[in-house]
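*Asks:* How does the following fold in three dimensions:
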Amino acid sequence: MIGIEHVLRIANVLVDEVADLQAIKEDYIRLKEQLFSSQITGDKRQFFEFTLNQCSVRETAKVLYKE
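*Replies:* Numbers count the residues shown, from 1 in each chain. This next block holds a predicted model:
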């Protein structure tokens with residue numbers, strides 16, 4: 001039988017690994033956004049930023065003065 005200390009130690013390792021994976025995922029998303037945004041300019045960049053901030057199409061159009 002596996003002791004409770006062993007199970008808790010394994011659970012702790014798994015929690016740490018999940019936290020590490022989450023940090024890697026966040027870094028990946030940030031780097032992907034930086035790469036993409038470095039390749040676009042002007043209104044396209046603003047539109048992308050609004051999309052990242054989950055603004056609606058109506059909100060985005062209002063800010064960009066578009067219909």
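*Asks:* what residue ranges in the protein score low on pLDDT?
*Replies:* 1, 66-67 (pLDDT under 70).
*Asks:* And the helix ranked longest in it, what does it pack against?
*Replies:* When the chain is parsed with DSSP state H, its longest helix is helix 4-38. Using 3 or more Cβ pairs under 8 Å, 6 or more residues apart in numbering; DSSP states H and E, the elements in contact with helix 4-38 are helix 42-52. Any C-beta I mention is one placed from the backbone N, CA and C, and that applies to glycine too.
*Asks:* what about the helix it packs on, distance to the chain center?
*Replies:* 16 Å (Cα atoms, centre = their mean, to the nearest Å).
*Asks:* Check which helices and strands it sits against.
*Replies:* helix 4-38, helix 57-64.
*Asks:* buried sites along the last one?
*Replies:* Right, helix 57-64. Using 16 or more other Cβ atoms under 10 Å as the test for burial, helix 57-64 gives Thr60.
*Asks:* for it, the distance to its chain's centre please.
*Replies:* 22 Å.
*Asks:* again with the first one
*Replies:* Going by Cα atoms, centre = their mean, the spacing between the C-alpha centre of helix 4-38 and its chain's C-alpha centre is 12 Å.
*Asks:* and it with helix 42-52, angle?
*Replies:* 160 degrees (axes from the mean of the first three to the mean of the last three Cα atoms, to 10 degrees).
*Asks:* Please name the nearest non-neighbouring residue to Phe36.
*Replies:* Phe48 (6.9 Å; Cβ to Cβ, 6 or more residues apart in numbering).
*Asks:* Identify, out of the helices and strands packed on helix 42-52, the most deeply packed stretch.
*Replies:* helix 57-64 (a mean of 12; mean count of other Cβ atoms under 10 Å).
*Asks:* May I have the distance across stretch 36-43, first residue to last?
*Replies:* 14 Å (Cα to Cα, to the nearest Å).
*Asks:* Just give me how far that stretch sits from the chain centre.
*Replies:* Per Cα atoms, centre = their mean, the centroid offset for stretch 36-43 relative to its chain is 18 Å.
*Asks:* related to what we said a few turns ago, want to try a markdown table for the helices and strands packed on helix 42-52, with distance to Lys44 as columns?
*Replies:* Output for these, formatted as a markdown table (distance: least, Cβ to Cβ, whole Å):
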| stretch | distance to Lys44 |
| --- | --- |
| helix 4-38 | 9 |
| helix 57-64 | 10 |
